[in-house]
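>>> Need coordinates for the below:
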Amino acid sequence: MRQLLVKIALAAMALLAHHAAEAADPAPIRIEVPKAGNLQYFTLWVALGAGAFQQEGLAPQLLIDDTPQDAGRRLLSGEADVAVLPPPMFLGMIAEEKPILLFASLLANEPIDFVVRRDVAEARGLSTAAPLADRLRALKGIKVGVAGGPPPRLQAFFASVGMNADQDIEMVLVWGRDQVQAFASHQVDALFAHTPYLETVLVKHDAVLVADLSGGEVAALADGQIHALATSKARAQAAPDLIAAATRAIYRAQRLIRSDREATVDAVLASGVKEFDRKLVEKIAAIYSPAVPATPALSLAGIERDAELYPAFPRKPDFSRVKAADFVAPAFAADAVMALP
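Reported below is the predicted structural model:
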């Protein structure tokens, strides 16, 4: 009973803080983003377009990196308050023991999905209602387009049904927009790809979604830790209220994503980061919404698993020497969930 009363009191205090924040001038928050318009950062765009930061008394300012490999540079130099960090970047920073703290998860399931050309699916008698193992066995020997970083995840995907991607399919390395061209021109039979190539071939080239990795169909690639918001240890100590408010904004977006698909799409379109095509956003929202975690809580096991599945810059961390927990601030997510019941 006492615990319940404490929780109620904390929630009431948080509510009063929200009202005070709304009455005061909004506090600026500088958000470093690796690339403008990358819909893998789906939760962030929804938070921006839905006004979630403003609801928490914040005035967001985006700082777009020159290249995705620059992610986190502004954060570490003090030019940004928080940064979106993909696994390759936060793994590399952990390996170098940079003073970062991940505080809010943006994506938990794999953003790369497996699509095949419709003519190939029909020729192979592929049924999307069949068990995953049967679907993949029906496609044995096909050419699969994949970029340079994801092959370990493609291998884990096939291994989940007892197959060997190095032997049972032919991997064809293609990058960027060449993935769509290779698919459309029949240079490959399938793609293992993420946004914007994934929704492009589904909407414009009649691709068939063979496996819903983003929806959690493959356990080895679900419930992990993909993109996250990070701050510096110094900033977390100097401005904990700012980081707490940003975490609540992310949680607001996550709740919207899980409750209202149309409003989610509207929020992405209203985010102002890029001129998006509504049909493409509707398609990727349907795929990526289940990949968004229910809360901002981070996965330590997912961070360690990432080291086996993702490239890391400049190198992978040795988790027998460094602890993932030393680079995570879980209290912000826990407090956000308590503050917004």
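>>> For the nearest residue to residue 118 once chain neighbours are set aside, give me the backbone phi and psi.
The shortest distance from residue 118 to any non-neighbouring residue, by C-beta to C-beta, 6 or more residues apart in numbering, is to residue 206 (5.0 Å). All C-beta atoms are positioned from the backbone trio N, CA, C, and that covers glycine. Dihedral pair for residue 206: phi 60, psi 40, per degrees, to the nearest 10.
>>> Can you tell me the number of residues neighbouring residue 206?
10 (other C-beta atoms under 10 Å).
>>> Repeat that for residue 168.
17.
>>> Pull up the gap between it and residue 139, please.
Separation of residue 168 from residue 139 (C-beta to C-beta, to the nearest Å): 9 Å.
>>> One more: residue 26?
Residue 26 is 52 Å from residue 139, by C-beta to C-beta.
>>> neighbour-wise, which of those two wins?
residue 139 (21 against 15).
>>> Can you give me the domain boundaries for this structure?
2-108+223-339, 113-221 (automatic domain parsing).
>>> can you redo the ones you listed as a markdown table with mean pLDDT?
Converted to a markdown table, the domains of the chain look like this (pLDDT from 0 to 100):
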| stretch | mean pLDDT |
| --- | --- |
| domain 2-108+223-339 | 92 |
| domain 113-221 | 97 |
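>>> Can you list the residue ranges for strands in this structure?
Using DSSP state E, the strands of the chain run over 27-33, 58-64, 82-85, 100-105, 113-116, 143-146, 170-173, 190-193, 208-211, 228-232.
>>> what are the pairing partners of the first one, and which direction each?
Each strand that strand 27-33 pairs with, and the sense of that pairing, follows from DSSP bridges: strand 58-64 (parallel), strand 82-85 (parallel).
>>> Reformat those into TSV and put mean neighbour count and distance to residue 265 next to each item.
Formatted as TSV, the strands paired with strand 27-33 follow (neighbours: other C-beta atoms under 10 Å; distance: least, C-beta to C-beta, whole Å):
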stretch	mean neighbour count	distance to residue 265
strand 58-64	16	20
strand 82-85	26	20
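>>> Figure out which of the ones you listed is closest to residue 311.
Nearest to residue 311 among the strands paired with strand 27-33 is strand 82-85 (14.0 Å), distances taken as C-beta to C-beta.
>>> surely residue 226 meets residue 102?
No: the pair residue 226 / residue 102 is not scored as a contact, 11.4 Å apart, by C-beta atoms under 8 Å.
>>> Report how many residues lie close to residue 24.
Neighbours around residue 24, by other C-beta under 10 Å: 9.
>>> Could you pull up phi and psi at the nearest residue to it once chain neighbours are set aside?
Nearest non-adjacent residue to residue 24, counting by C-beta to C-beta, 6+ apart: residue 57, 6.3 Å away. Main-chain torsions, residue 57, degrees, to the nearest 10: phi 80, psi 30.
>>> Report the separation between residue 57 and residue 80.
Residue 57 is 19 Å from residue 80, by C-beta to C-beta.
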